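Peer 1: Sequence and predicted structure are below.
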Amino acid sequence: MKKVLPVLLLMMGFVACSSGEGGNGDEPPVIEVNLQCTPKELSFDAKEKLTLSIGVSCNREWTAYSNEDWIACKISGNTVSVTVTENEKYEERTGAVIVKSGSTRETISVKQAAKPEMATGDIVVPEGYRLVWHDEFDDKSKDMPNTDHWYYETAEPGWVNNELQTYIAGKKGDIQTAEVSHGTLKIRAIKDGDRIYSARLNTRGEGGKAGKGWKYGYFEASLKLPVGKGTWPAFWMMPVASSNWPDCGEIDIMEEVGCVPNEVSSSIHCKAYYHAINTQKTAKKTLEGAQEEFHTYALEWDETEIKTYVDGVLLFRYKPEDYGKRNEQTWPFDKEFELKLNLAWGGDWGGMMGVDESCLPATYEIDYVRVFQKK
């Protein structure tokens, strides 16, 4: 007991000192919060990467946070640094940074401009749509596709469909399979030794982002098809994250094989409908001059159906309800897809009547590729 008593007396003394001035039991005085923030509003451009700051003056501890996940704030001393992500929508957005001390709050408005619409010049925009991506292949400073817009797939012969070509990244030594000149893209199948070289290009999505495509829209290209038995040009789409074909889905906007010249076709492939089991949904037509002149090929795709057009005339329509019902086996077309351009040589379809190497080099020419989405 003699050892405990001094400790108890000390604790009693501490309690008495903490109860108020003079130890008379009064509550401690309340310090009024004086919180001031400058400025009261921050404005960012759609692609603004600038960091803007809020100055904070406060006589008590404080913190800050945002009310939107696209706004980030960081406290350093008496400053809140604010950044925003790129606005990918065509409308202004608003949020706030809240500075808090106790029950006192100051709200600083954060505004970000809408994504600007792309200049269209003389491009004809379908009614109800806006231009979101395009390549006119008119940059005279480049003799190959713009890698901000496109990337290559490379592969050895037999990669798909038992095709015979070797896909290279546009150029290998003196062999150039993807060339931009005189306002068009040329994809060429070229024989060198015992190999046929060609190119398979895929779009980088809006803003040149890898792994970014489009979900729904109006997709159009102006194409002149190659000549020769064995050629197999295509303008088509696959999911950005494509795997487990055909379950993932495929949209063929335009295909033609040189052994059946000027016969163009459109198809879709999915788990329920694909060519290996002879259930694919497809349509074709003879288009005189398809190998001598440019023609437009387009896809209109929304959440309900897929339609393709040749020179503005409907060629193909797919709506799963027309064949039964809509489910994941009949409609995997509810995710982002990317566009593809390639010139295959031979294979199951392109080589069904053999190949004629005397037509090489063969050229698949593209005047433009455009992507529109609904407003």
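Peer 2: Yep, it's here.
Peer 1: just the helices in the protein please.
Peer 2: Ranges of helices within the chain are 5-17, 347-350, based on DSSP state H.
Peer 1: Compare those and say which comes out lowest on pLDDT.
Peer 2: Taking each of those in turn, the one with the lowest mean pLDDT is helix 5-17, at a mean of 35.
Peer 1: Where does the prediction get shaky in the chain?
Peer 2: 1-28 (pLDDT under 70).
Peer 1: quick check: longest strand of it.
Peer 2: strand 362-374 (DSSP state E).
Peer 1: What strands flank it, and is each parallel or antiparallel?
Peer 2: Paired neighbours of strand 362-374 in the sheet (DSSP bridges): strand 129-135 (antiparallel), strand 184-192 (antiparallel), strand 217-224 (antiparallel).
Peer 1: tell me the most buried of those strands?
Peer 2: Across the strands paired with strand 362-374, the average number of neighbours (mean count of other C-beta atoms under 10 Å) peaks for strand 217-224, which reaches a mean of 23. All C-beta spots, glycine's among them, are computed from the backbone N, C-alpha and C.
Peer 1: Please state the offset of that strand from the chain centre?
Peer 2: Remark: strand 217-224 is offset 17 Å from the chain centroid, using C-alpha atoms, centre = their mean, to the nearest Å.
Peer 1: Nearest residue to W349 in space, ignoring adjacent ones along the chain?
Peer 2: V257 (5.6 Å; C-beta to C-beta, 6 or more residues apart in numbering).
Peer 1: Now the phi/psi pair for that neighbour, please.
Peer 2: phi -120, psi 140 (degrees, to the nearest 10).
Peer 1: and it, how many neighbours does it have?
Peer 2: For V257, the count of nearby residues is 23 (other C-beta atoms under 10 Å).
Peer 1: Against S181, how distant is it?
Peer 2: V257 is 26 Å from S181, where distance means C-beta to C-beta, to the nearest Å.
Peer 1: Then S141?
Peer 2: Counting by C-beta to C-beta, the gap from S141 to S181 is 12 Å.
Peer 1: Between the two, tell me which one has more neighbours.
Peer 2: The residue with more neighbours, out of S141 and S181, is S181; 12 against 6, by other C-beta under 10 Å.
Peer 1: The more buried one is in contact with D143, isn't it?
Peer 2: Yes. Shown here, S181 and D143 form a contact pair, counting by C-beta atoms under 8 Å, at 6.4 Å.
Peer 1: returning to that earlier point: can you lay out the strands paired with strand 362-374 as a markdown table showing distance to V33?
Peer 2: Output for these, formatted as a markdown table (distance: least, C-beta to C-beta, whole Å):
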| stretch | distance to V33 |
| --- | --- |
| strand 129-135 | 48 |
| strand 184-192 | 64 |
| strand 217-224 | 52 |
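Peer 1: now for these, which one comes closest to G207?
Peer 2: Smallest distance to G207 across the strands paired with strand 362-374 (C-beta to C-beta): 8.5 Å, for strand 129-135.
Peer 1: Now do that closest one: everything it contacts.
Peer 2: Strand 129-135 is contacted by residues 90, 117-118, 120, 123, 125, 145-146, 149-150, 185, 203, 205-206, 214, 217-218, 368-375 when judged by C-beta atoms under 8 Å, 6 or more residues apart in numbering.
Peer 1: Just the buried ones from those, in ChimeraX syntax?
Peer 2: In ChimeraX, a selection of the buried entries from the contacts of strand 129-135 looks like this (16 or more other C-beta atoms under 10 Å):
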select :118,145,149,150,185,203,205,206,214,217,218,368,369,370,371,372,373
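Peer 1: give me the number of residues near N67?
Peer 2: Close neighbours of N67, defined as other C-beta under 10 Å, add up to 12.
Peer 1: Might you report the residue contacts of it?
Peer 2: Per C-beta under 8 Å, 6+ apart, neighbours of N67: G95, A96, V97, I98.
Peer 1: quick one on the thing from earlier: next, the contact list for the residue nearest to W349, please.
Peer 2: Applying C-beta under 8 Å, 6+ apart to V257 gives the contacts T231, W232, E263, W349, G350, M352.
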